[in-house]
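In: Need the 3D shape of this:
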Amino acid sequence: LGNERSIWLYTTGDTSVEHRPLALLLDGQFWAHTMPVAGPLQQLTDAGELPAAVYVMIDIIDREHRTQELPCNADFWLAIQEELLPQIQQWAAYSHEAADTVIVGQSFGGLSSVYATLSWPETFGAAVSLSGSFWWPERGKANGWLPQQLQQGLLAAPPRRFYLEAGKRERLILAANQQLQ
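Out: Numbering: from 1, shown residues only. Okay, here's the model as predicted:
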């Protein structure tokens with residue numbers, strides 16, 4: 001991608017376990033600073049409600065990069081797979097099974113998480129989309145590029161896990177999320 005970015009790496013549970021699930025959280029600066037998630041993840045792990053895992057919070061750099069990289073950008077996801085994940089493996093062992101890998105994102109990040117899971121099912125087994133921008137690329141339309149690709153059979157939904165959330169008062173977002181179902 002020709003750039004550098006911050007990431008935050010957080011592990012929970014027994015660090016000697018080599019086959020821990022991997023969670024990639026887009027908009028990493030949000031999860032690291034604005035709504036710090038590390039403490040709650042540790043508490044849930046300690047309580048036995050979550051398994052020991054590796055969490056990678058990926059920074060957006062800035063709004064311009066976010067707008068270019070997150071909406072259905074194959075180059076972004078190839079860089080994650082070819083550059084970032086090998087580095088993460090050096091720092092914290094995790095399972096390489098797609099079923100053990102989840103991507104979490106909101107808005108453009110929600111769109112991106114579903115896109116990556118559909119496009120690289122051998123790597124990503126689940127997506128959590130919070131208010132996903134499935135209207136993209138044209139704001140104001142509920143049926144954006146990704147839902148159209150699915151309807152036309154150009155992207156096939158393999159047996160993967162998806163969690164989509166959108167608020168009732170987010171009219172465009174809700175309509176776009178309903179189109180995806």
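In: Roughly how far does the nearest residue to Phe124 once chain neighbours are set aside sit from Val104?
Out: Nearest residue to Phe124 in three dimensions, chain neighbours excluded: Thr117, at 4.5 Å (Cβ to Cβ, 6 or more residues apart in numbering). Yep, even glycine has a C-beta here, placed from its N, CA and C like the rest. Using Cβ to Cβ, to the nearest Å, Thr117 is found at 11 Å from Val104.
In: Looking at the two, which one has more neighbours?
Out: Thr117 (26 against 22; other Cβ atoms under 10 Å).
In: After the helix or strand that one falls within, heading C-terminal, what element do we hit next?
Out: According to DSSP states H and E, Thr117 maps onto helix 108-119. As assigned by DSSP H and E, the chain's next helix or strand after helix 108-119 is strand 126-130.
In: Flag every buried residue along the helix or strand just after that following strand.
Out: Next in sequence after strand 126-130, counting helices and strands by DSSP H and E, comes helix 145-151. Neighbour-count burial for helix 145-151 flags Trp145, Leu146, Pro147, Gln149, Leu150 (criterion: 16 or more other Cβ atoms under 10 Å).
In: now do stretch 58-75
Out: Applying 16+ other Cβ under 10 Å to stretch 58-75 flags Ile58, Asp59, Ile60, Ile61, Arg66, Glu69, Leu70, Pro71, Cys72, Asn73 as buried.
In: What lies in contact with the helix holding Thr117?
Out: For helix 108-119, the surrounding residues in contact (Cβ atoms under 8 Å, 6 or more residues apart in numbering) are 26-27, 66-67, 70-74, 76-77, 80, 103-105, 123-134, 136, 144, 146, 150, 155-158, 160, 162, 164, 180.
In: With stretch 35-51 instead?
Out: The list of residues contacting stretch 35-51 from outside it, by Cβ under 8 Å, 6+ apart, reads 8, 10, 12-13, 20-21, 25, 31-32, 52-53, 55, 57.
In: So in terms of bridging, what pairs with the nearest residue to Ile88 once chain neighbours are set aside?
Out: With Cβ to Cβ, 6+ apart as the criterion, Ile88 has its nearest non-adjacent residue at 5.8 Å, and that residue is Val56. Bridge pairing for Val56 (DSSP bridges) gives the partners Leu9, Leu24.
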